[in-house]
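> Got a predicted structure plus its sequence, pasted below:
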Amino acid sequence: MRPAEFYDEFAEAQALGGINARHLAIDRWLERFGLRPGMDVLEIGCGVGTQTELIAKRLAGSGTLTSIDLSPRSIELARSRLSGLPNIRLIVGDAVELSLDETFDVVVLPDVIEHIPIDEHMKLFGKVRRMLRDTGWAFIHMPNPFYLDWCRRNRPDVLQVIDQPIFIESLVASTRPNDLYVHHLETYAIWIAEGDYQVVVLRPTPRQQSFDSPVVDRSLRARLRGAPRRLLGRD
């Protein structure tokens, strides 16, 4: 079954499920990393618009939100769900092939990267970088690859048509050549105590950034006061 056909069929179940703990967790992460009203946001893999709704509420009616998905039925349901919210554009399309003549402050990939074949990631992140402003950031939420690998061996019934573990080595191999670096990586738990999800923030590679600013955090200074001189770069 082709991915678009799979998600057309999957869309009804997604719509019935509504917003769950995963969507709320992504919303909190986006707030933590700086999503604010007035920003221009691109969401890749919006599905039926559950995460889209939360992002739109974060934008508070200002800025813009462009959301794309390869499933026509998912976009149809998203349009119905989001009809009362302003400044949202919904597009049917394949993120790997789609080109938009604009740039964004934030690009959000909410549990979609594991469903895009790895051999297409280089092209995907080339497009992400071209659409990301130099001051912007890209946010990836995905299953912990070790957990997803366990599911492949023990619970294949819960997997989607394409559901591959994305290890950081693979991600770096497709982002670094595209002028993106991993600014933040964290594994955390929603439903599985061992940690079932990861968040990754990508930023454009710095060009002329200075690294000589003083430490502002007084508590950090206090903790470092007794550190060996070699750890402070004073050998």
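Received the coordinates, thanks.

> The helix or strand where Val107 lies packs against which elements?
Under the criterion of DSSP states H and E, Val107 resides in strand 104-110. In terms of contacts (3 or more C-beta pairs under 8 Å, 6 or more residues apart in numbering; DSSP states H and E), strand 104-110 is packed against helix 21-33, strand 40-44, helix 50-59, helix 121-131, strand 132-143. Glycine gets a C-beta too; all of them are placed from N, C-alpha and C.

> ok, 7 Å please
Applying 3 or more C-beta pairs under 7 Å, 6 or more residues apart in numbering; DSSP states H and E, we find strand 104-110 packed against strand 40-44, helix 121-131, strand 132-143.

> And Gly45, how far from Trp137?
17 Å (C-beta to C-beta, to the nearest Å).

> so where's the chain shaky on pLDDT?
1-10, 12, 157-161, 208-211, 215-235 (pLDDT under 70).

> quick revisit: other residues contacting the strand holding Val107?
26, 30, 35, 39-45, 51, 55, 128, 131-133, 136-141 (C-beta atoms under 7 Å, 6 or more residues apart in numbering).

> Leu185: what's its closest spatial neighbour, skipping adjacent residues?
Leaving out its chain neighbours, the residue that sits closest to Leu185 by C-beta to C-beta, 6 or more residues apart in numbering is Val200, at 5.3 Å.

> How about the secondary structure of that neighbour?
Here Val200 is recorded as strand under DSSP: H, G, I helix; E, B strand; the rest coil.

> Alpha carbons of the strand holding Val107, in PDB - could you do that?
Output in PDB follows, covering the C-alpha atoms of strand 104-110 (Å, rounded to 0.1, in the frame of the first residue of the first chain):
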ATOM      1  CA  PHE A 104      10.000  30.300   8.000                       C
ATOM      2  CA  ASP A 105      11.100  31.000  11.600                       C
ATOM      3  CA  VAL A 106      10.300  27.400  12.700                       C
ATOM      4  CA  VAL A 107       9.900  24.100  10.800                       C
ATOM      5  CA  VAL A 108       8.100  21.400  12.800                       C
ATOM      6  CA  LEU A 109       8.300  17.700  12.000                       C
ATOM      7  CA  PRO A 110       6.000  16.100  14.500                       C
END
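
> what's the spacing between that strand and its chain's center?
6 Å (C-alpha atoms, centre = their mean, to the nearest Å).

> how big is the angle separating it from helix 121-131?
With axes from the mean of the first three to the mean of the last three C-alpha atoms, to 10 degrees as the basis, strand 104-110 and helix 121-131 are set at 150 degrees to each other.

> So for stretch 99-117, what gets flagged as buried?
Judged by neighbour count (16 or more other C-beta atoms under 10 Å), stretch 99-117 contains these buried residues: 104-116.

> got the end-to-end distance for it?
Its first and final residues considered, stretch 99-117 spans 19 Å by C-alpha to C-alpha, to the nearest Å.

> List the residues that contact Leu30.
If you count contacts by C-beta under 7 Å, 6+ apart, then Leu30 has Ile55, Arg58, Val108, Phe139 around it.
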